[in-house]
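# heads up, no residue letters with this:
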């Protein structure tokens, strides 16, 4: 949250398995905050893909990548996410 405040990124890759915090809670806070709600979030996780994809979309994520993240899927995802932002 503090990095989003400081840097105002074009997109946020968000790991759902954060130390000491559930990434879905962070996603919910980002999307619930007027200052950051416009920033597209790409969820990154090892969790069950089907359940997490749906839940992440409900919380406002626009992309989903499974860990370990490979360069090609990341590179393919980012331009589409940035287009949706505009």
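Thanks, I have it. Since we're looking at a predicted model, the values are computed, not measured.
# so which residues of the chain form helices?
With DSSP state H applied, the chain shows helices at 2-7, 23-32, 49-59, 71-85, listed in chain order.
# deepest in the core, which of these is it.
Comparing the helices of the chain on average neighbours per residue, with mean count of other CB atoms under 10 Å, the densest one is helix 23-32 at a mean of 17. From N, CA and C alone the C-beta is placed, and that goes for glycine too.
# hmm, who's touching that one?
1, 4, 12, 14-18, 36-37, 39, 41, 43, 45, 55-56, 59-61 (CB atoms under 8 Å, 6 or more residues apart in numbering).
# switch to 6 Å and redo it
14-16, 36-37, 41, 59-60 (CB atoms under 6 Å, 6 or more residues apart in numbering).
# what's the answer for stretch 76-84, then?
Outside of stretch 76-84, the residues within contact range by CB under 6 Å, 6+ apart are 10-11, 40, 42, 62-63.
# rerun that using 8 Å as the cut-off
Stretch 76-84 is touched from outside by 10-11, 40, 42, 62-63, 65, with contacts defined as CB under 8 Å, 6+ apart.
# how close does the closest residue to residue 60 other than its chain neighbours sit to residue 71?
For residue 60, ignoring the flanking residues on the chain, the nearest one in space by CB to CB, 6 or more residues apart in numbering is residue 31 at 3.7 Å. As defined by CB to CB, to the nearest Å, residue 31 lies at a distance of 27 Å from residue 71.
# that older thread, list buried residues within the contacts of stretch 76-84.
Among these, those classed as buried by neighbour count (16 or more other CB atoms under 10 Å) are 11, 40, 42, 62-63, 65.
# closest one of those to residue 49?
Nearest to residue 49 among those is residue 65, at 10.1 Å by CB to CB.
# just the contacts of stretch 76-84: which are in strands?
When those are checked against strands using DSSP state E, the ones located there are 42, 63, 65.
# so who does the nearest residue to residue 74 once chain neighbours are set aside touch?
Computed as CB to CB, 6+ apart, the closest residue to residue 74 that is not its neighbour in sequence is residue 65, at 6.3 Å. Taking CB under 8 Å, 6+ apart as the definition of contact, the neighbours of residue 65 are 13, 42-44, 73-74, 77.
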